[in-house]
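*Asks:* Need a 3D model of the following:
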Amino acid sequence: MTISSLRKFTALTLLSLTCAYASAQTRLPIKQLSIGINVIQAEVAATDADRQQGLMNRTRMGASEGMVFDFGAPAGVCMWMKNTLIPLSVAFIDSEGKIVNIEDMQPETTDSHCAKKTVRYALEMNQGWFKQKNVKPGTKIDGLPLQ
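*Replies:* Numbering: from 1, shown residues only. Below you'll find the predicted structure:
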C-alpha cells in the first residue's frame, strides 16, 4: 500500500467512524408503548432541542419503531416535515393517552399538521402504520412517559 493509498484509506475510515458516531448520537431514550396487541419501541423527544430535531435526516425507521413527543403539558401542537426524509403518520394524543386525530405527512415539506384540540403527546410512525393496525381517534395508548 502506498502512502497516498494509506492516507485515503485512513481518511475514509475516519469519515465512516465519524458518521457512525453521529448516527448513534441521534438516538433518544426508548420507551415501550402499546396500543392493544401492538407494541411500539418509541424514542422519547422530551426537550425542546429533541422535539425540534425529531426524525430529521433519518433514512429509515423499523416497522414497530416510532418517536413520541412529550410536550410536558397540554398545548396546541402542530408538526411539519422539514428535513425529514421518510413519510410519516402522526397521532396527536391527550393527557389521558387517547388519540385525538391522526394525520399523514409527506417528506421534506413545511406543511403544518395540527392537533384538533390541546394535546400532551404526538406519536410519529411510518406512514400508514395506524391505518394498517386499525388504530383510530379515541384509541388509548399505554406506557406514555410521565403519564
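*Asks:* Mind giving me the packing neighbours of the top strand by length along the chain?
*Replies:* When the chain is parsed with DSSP state E, its longest strand is strand 65-75. Where contact means 3 or more C-beta pairs under 8 Å, 6 or more residues apart in numbering; DSSP states H and E, strand 65-75 is packed against strand 30-35, strand 38-45, strand 119-126. Using the backbone N, CA and C atoms, a C-beta is placed for each residue, glycine as well.
*Asks:* Packing partners of the last one?
*Replies:* In terms of contacts (3+ C-beta pairs under 8 Å, 6+ apart), strand 119-126 is packed against strand 38-45, strand 65-75, strand 88-93.
*Asks:* Return the list of strands paired to that strand, each annotated with direction.
*Replies:* Strand 119-126 has the following sheet partners, assigned by DSSP bridges: strand 65-75 (antiparallel), strand 88-93 (antiparallel).
*Asks:* Now the ones you listed in TSV, please, with extra columns for mean neighbour count and distance to Val119.
*Replies:* Formatted as TSV, these follow (neighbours: other C-beta atoms under 10 Å; distance: least, C-beta to C-beta, whole Å):
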stretch	mean neighbour count	distance to Val119
strand 65-75	17	6
strand 88-93	25	5
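*Asks:* Using a markdown table, lay out the ones you listed together with mean pLDDT and distance to Leu28.
*Replies:* Shown next, in a markdown table, are the strands paired with strand 119-126 (pLDDT from 0 to 100; distance: least, C-beta to C-beta, whole Å):
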| stretch | mean pLDDT | distance to Leu28 |
| --- | --- | --- |
| strand 65-75 | 96 | 7 |
| strand 88-93 | 98 | 16 |
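*Asks:* Mind checking these for the one nearest to Asn126?
*Replies:* Among those, the nearest to Asn126 by C-beta to C-beta is strand 88-93 (6.6 Å).
*Asks:* Columns distance to Asp50 on top of the strands paired with strand 119-126, output as JSON lines?
*Replies:* Formatted as JSON lines, the strands paired with strand 119-126 follow (distance: least, C-beta to C-beta, whole Å):
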{"stretch": "strand 65-75", "distance to Asp50": "8"}
{"stretch": "strand 88-93", "distance to Asp50": "16"}
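*Asks:* Leu33 is nearest to which of those?
*Replies:* strand 65-75 (6.7 Å).
*Asks:* The closest one vs strand 38-45, what angle?
*Replies:* With axes from the mean of the first three to the mean of the last three C-alpha atoms, to 10 degrees defining the directions, strand 65-75 sits at 60 degrees from strand 38-45.
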